[in-house]
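> Pasted the sequence and its predicted model underneath.
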Amino acid sequence: MCKYDELILQALVDLRMAVIVSNVGIKNQVATSITHIHVHNNPIIKTLHHAINITSTEAKLFVIRYGLNQATQLNSIKYIVVIIDSIHAAKRIFDSFIYLYQVQILSIFKKLVEFFKRDHHNSIEFWKCPS
């Protein structure tokens, strides 16, 4: 928890940093995803989505995609930290052989390519935080 506290304190003072915290739960075939995005002095962006008949991995890829879309729209952002309860889903982004999630993965790749083209010093980290 200390690392997370330090990360949030760093995000409070660093204009170039975005922190994305995402979680997904599925109950009775309804996925509920919530994403919080924090960028320096801006209010926290909080979104809630519901989807029916979707797998847990699809939902987690969606919240990663949504968070990256929001964070990469800000040209000042150079460093993104994605905190998610499943590193397994984040690793799927970089597995080009998974056709089942191809639409989500290609969309995430597109955002990441744009982000890294803007500045080769840009970086992204994925942190695991169990629910």
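Perfect, thanks for sending it. Numbers count the residues shown, from 1 in each chain.

> Would you map the strands across this structure?
17-27, 30-39, 45-52, 79-84, 123-128 (DSSP state E).

> Need the residue in the protein that's farthest from the chain's center.
In the chain, the residue that sits farthest from the middle, by CA atoms, centre = their mean, is Asn28; the gap is 24.7 Å.

> what's next to stretch 74-82, contact-wise?
7, 11, 14-20, 22, 39, 64, 67-68, 71-72, 90, 115, 118-119, 121-127 (CB atoms under 8 Å, 6 or more residues apart in numbering). For every residue, glycine as well, the C-beta is placed using N, CA and C.

> Of the residues you listed, grab the buried ones for ChimeraX.
Burial among the contacts of stretch 74-82 is assessed by 16 or more other CB atoms under 10 Å; the matching ChimeraX selection reads:
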select :7,11,16,17,18,19,20,22,39,64,67,68,71,72,90,115,122,124,126,127
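
> residues contacting Arg118?
Taking CB under 8 Å, 6+ apart as the test, what Arg118 contacts is Asn75.

> Relative to Ala90, how far out is it?
21 Å (CB to CB, to the nearest Å).

> do Cys129 as well
Counting by CB to CB, the separation of Cys129 from Ala90 is 12 Å.

> Find residues that contact each of the two.
Ile84.

> picking that back up, now the phi/psi pair for the residue farthest from the centre of the chain, please.
phi 50, psi 40 (degrees, to the nearest 10).

> low-scoring pLDDT stretches of this structure, where are they?
1-2, 43, 92, 94-99, 131 (pLDDT under 70).

> what about the residue nearest the centre of it, distance to Ile26?
By CA atoms, centre = their mean, the chain has its centre lying nearest to Ile64, at 3.3 Å. Distance of Ile64 to Ile26, given as CB to CB: 16 Å.
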